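In: Task: produce atomic coordinates for the following.
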Amino acid sequence: MRTQRPKVASTLHPVMDGDAVNRALTADQEMSFLLYNAPQSTCSQRVRFVLNAKQLPFEEEKLDLLAGDQLKPDYLALNPNGVVPTLDHDGNIVTDSSVIIEYLDEIAPEPETFTPAAPVARAKMRALMRFIDEMPAAAVRVPTFNLAFLPRFAAMSEEEFLAFAESKPLRKEFMLAMGRTGFPEKEMNAALERMRRTYERMDLEIAASGPWLMGKDITLADVAVMPAIVRMADLGLDTMWKDMPRIVRWYEQIRAHPAFKPTYYFGSLLTERFPHLTAKAAEV
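Out: Numbering: from 1, shown residues only. Got it, this is the predicted structure:
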């Protein structure tokens with residue numbers, strides 16, 4: 001990992017207010033963005049999508065999460081939670097993917113905004129985003145770890161695994177619950193049921209206004225849920241919404257968005273990194 005930028009002097013995570021950003025944009029249209037992220041990280045994919053949609057040039061510092069790059073002292077100085085992504089905007093540090101995508105939409109509303117103008121619509125969007133963070137964004141981790149990451153952890157000794165789990169500031173309990181043998185069938189089924197309820201909620205929202213979750217325009221709610229849906233498809237679990245034509249069309253639409261392809265560059269899908277997933281899919 002590269003040396004931290006000199007402007008970052010503490011872990012207080014200073015963020016420019018909107019007026020300061022607007023003044024900076026007026027004086028100088030060039031903004032500097034450095035995104036600490038991981039190609040396969042669903043939270044990172046949210047942020048890359050918004051950066052690409054807004055045509056904001058950015059550098060990437062790619063972290064290997066299974067190697068523990070996010071737990072190294074220089075990264076923890078930027079993000080004490082030890083997770084990705086972290087955005088460095090002209091030396092100002094912003095963390096948490098939901099916060100980052102709102103921040104980007106606020107400071108750079110052109111050429112495409114993802115936030116409704118009306119306060120009541122913004123409130124609804126944020127409520128949907130909270131639901132997404134609580135339900136699919138959390139639930140998708142269980143099949144991800146069981147189907148993709150488990151062989152890596154199974155190869156560790158018990159001592160190595162416990163040390164790795166204990167080092168995680170935000171996800172220690174999750175890792176310990178999984179263990180080196182994976183989540184039991186009961187928890188896997190519960191996670192898939194939470195995903196099914198997510199599809200049902202999406203279907204209701206689209207049916208009410210469509211074709212996006214909040215009507216004719218894509219919003220941050222669509223961006224927030226996108227990586228979880230892509231992940232399920234990548235794991236071969238897209239059959240779970242094949243009986244919901246509105247979800248099928250939504251998925252086709254977001255994949256057709258100009259920001260999708262540069263966001264999902266090669267190596268962003270689990271099947272592109274873990275050969276055992278591709279082999280397993282071939283057996284089905």
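In: now the strands: where do they sit in the stretch 1-150 of the chain?
Out: Taking DSSP state E, counting those that start in this stretch as the test, the strands found in the stretch 1-150 of the chain are 33-37, 59-62, 86-89, 92-95.
In: which residues sit in contact with the most centrally placed residue in the chain?
Out: Taking CA atoms, centre = their mean, the centroid of the chain lies closest to residue 43, which sits 1.4 Å from it. By CB atoms under 8 Å, 6 or more residues apart in numbering, the residues touching residue 43 are 83-85, 97, 137, 227. Glycine gets a C-beta too; all of them are placed from N, C-alpha and C.
In: give me that answer again for 6 Å
Out: Residue 43 is in contact with 85, 97, counting by CB atoms under 6 Å, 6 or more residues apart in numbering.
In: before we move on, the earlier item: what's the most buried one of the strands of the stretch 1-150 of the chain?
Out: Across the strands of the stretch 1-150 of the chain, the average number of neighbours (mean count of other CB atoms under 10 Å) peaks for strand 86-89, which reaches a mean of 23.
In: That one: partners in the sheet, and parallel or antiparallel?
Out: strand 33-37 (antiparallel), strand 92-95 (antiparallel) (DSSP bridges).
In: quick one: the helices in the stretch 51-200 of the chain?
Out: 73-76, 97-107, 119-134, 136-139, 141-144, 150-154, 158-166, 172-178, 185-208 (DSSP state H, counting those that start in this stretch).
In: Reformat those helices into CSV and put mean pLDDT next to each item.
Out: Compiled in CSV, these are given as follows (pLDDT from 0 to 100):
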stretch, mean pLDDT
helix 73-76, 96
helix 97-107, 98
helix 119-134, 98
helix 136-139, 97
helix 141-144, 96
helix 150-154, 84
helix 158-166, 88
helix 172-178, 86
helix 185-208, 97
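In: how much space is there between the residue nearest to the centre of the chain and residue 238?
Out: To residue 238, residue 43 is 21 Å away according to CB to CB, to the nearest Å.
In: can you list the strands of the stretch 1-150 of the chain in a markdown table and add distance to residue 271?
Out: Compiled in a markdown table, the strands of the stretch 1-150 of the chain are given as follows (distance: least, CB to CB, whole Å):
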| stretch | distance to residue 271 |
| --- | --- |
| strand 33-37 | 19 |
| strand 59-62 | 18 |
| strand 86-89 | 26 |
| strand 92-95 | 29 |
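In: what about residue 87, distance to residue 44?
Out: 10 Å.
In: Sorry, wrong one. I was asking about residue 72.
Out: 17 Å.
In: lowest-confidence helix or strand of the protein?
Out: Of all helical and strand segments in the chain, the minimum by mean pLDDT, DSSP states H and E falls on helix 18-27, at a mean of 44.
In: Settle this for me: residue 129 is touching residue 223, isn't it.
Out: No. Here residue 129 lies out of contact with residue 223, judged by CB atoms under 6 Å, at a distance of 9.1 Å.
In: and residue 57, how many neighbours?
Out: 10 (other CB atoms under 10 Å).
In: Could you find the closest non-adjacent residue to it?
Out: Leaving aside its chain neighbours, residue 57 sits nearest to residue 33 (7.2 Å; criterion: CB to CB, 6 or more residues apart in numbering).
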